[in-house]
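Asker: Using only what follows, build the 3D model:
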Amino acid sequence: MGKEIIWRFCVSANIVRTHTDENGVLRYGTKAFTGGTKVYINGKDREDSDLIEVVGLNRFGRFVVDFIPVEYIENIRGQRLYKPKVLEIISYLEAIEGDTWWENTVGDREESLLIAEKLRAMKTEPV
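Answerer: Reported below is the predicted structural model:
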């Protein structure tokens, strides 16, 4: 039996409340998430693309994994993750799909804070 993870470091953010799509239509949140929803970002193995993998509570009250554009998130921060259901999903993603998320070491804390800073910098860059 493996060691049970009680908490780990992560990068979290919120989905933007409103944005205008490519056709000029005002949208609320994203297709999967309502505006303001807290999501947990997998940025450890992140390539330099505009899509990021997130875990969050969708519009129907279930935790889902989705890929969303960086411009649809705000309030990006590094923090500790204690939510058991999200920890279970992350463990599943690591075991089955080979994703790597942060653990609860000092090095992982520094790395998650660095990724959060990079994502915030991407948000402020002019398009």
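Asker: Helix or strand for Ile90, just tell me which one.
Answerer: Assigned by DSSP states H and E, Ile90 falls within helix 84-92.
Asker: got the buried residues for that helix?
Answerer: Across helix 84-92, burial judged by 16 or more other C-beta atoms under 10 Å covers 86-87, 89-90. To be clear about C-beta, it is placed using only N, CA and C from the backbone, and glycine gets the same treatment.
Asker: cool, stretch 64-73 as well?
Answerer: 65-66, 68, 70, 72-73.
Asker: For my notes, please list the buried residues of helix 84-92 in CSV and give distance to Asn23 for each entry.
Answerer: Output for the buried residues of helix 84-92, formatted as CSV (distance: C-beta to C-beta, whole Å):
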residue, distance to Asn23
Val86, 34
Leu87, 39
Ile89, 33
Ile90, 35
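Asker: Make a markdown table out of those and add pLDDT and distance to Tyr28.
Answerer: A markdown table is the format used below for the buried residues of helix 84-92 (pLDDT from 0 to 100; distance: C-beta to C-beta, whole Å):
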| residue | pLDDT | distance to Tyr28 |
| --- | --- | --- |
| Val86 | 94 | 23 |
| Leu87 | 93 | 29 |
| Ile89 | 93 | 25 |
| Ile90 | 91 | 27 |
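Asker: low-confidence ranges in the protein?
Answerer: 1-4, 44-48, 124-127 (pLDDT under 70).
Asker: Could you find the residue nearest the spatial middle of it?
Answerer: By C-alpha atoms, centre = their mean, the mean C-alpha position of the chain lies nearest to Ile41, the distance being 1.8 Å.
Asker: circling back to that earlier point, so which of the buried residues of stretch 64-73 belong to strands?
Answerer: 65-66, 68, 73 (DSSP state E).
Asker: wait, which of those residues is closest to Asp50?
Answerer: Ile68 (9.4 Å; C-beta to C-beta).
Asker: quick one on the thing from earlier: next structured bit after the helix holding Ile90?
Answerer: helix 106-124.
Asker: And that following helix, what's buried?
Answerer: In helix 106-124, counting by 16+ other C-beta under 10 Å, buried: 108-109, 111-112, 115-116, 119-120.
Asker: list the contacts for the residue lying closest to Tyr28 once chain neighbours are set aside?
Answerer: In space, and not counting its chain neighbours, Tyr28 is closest to Gly35: 5.2 Å by C-beta to C-beta, 6 or more residues apart in numbering. Residues near Gly35 by C-beta atoms under 8 Å, 6 or more residues apart in numbering: 15-18, 28-29.
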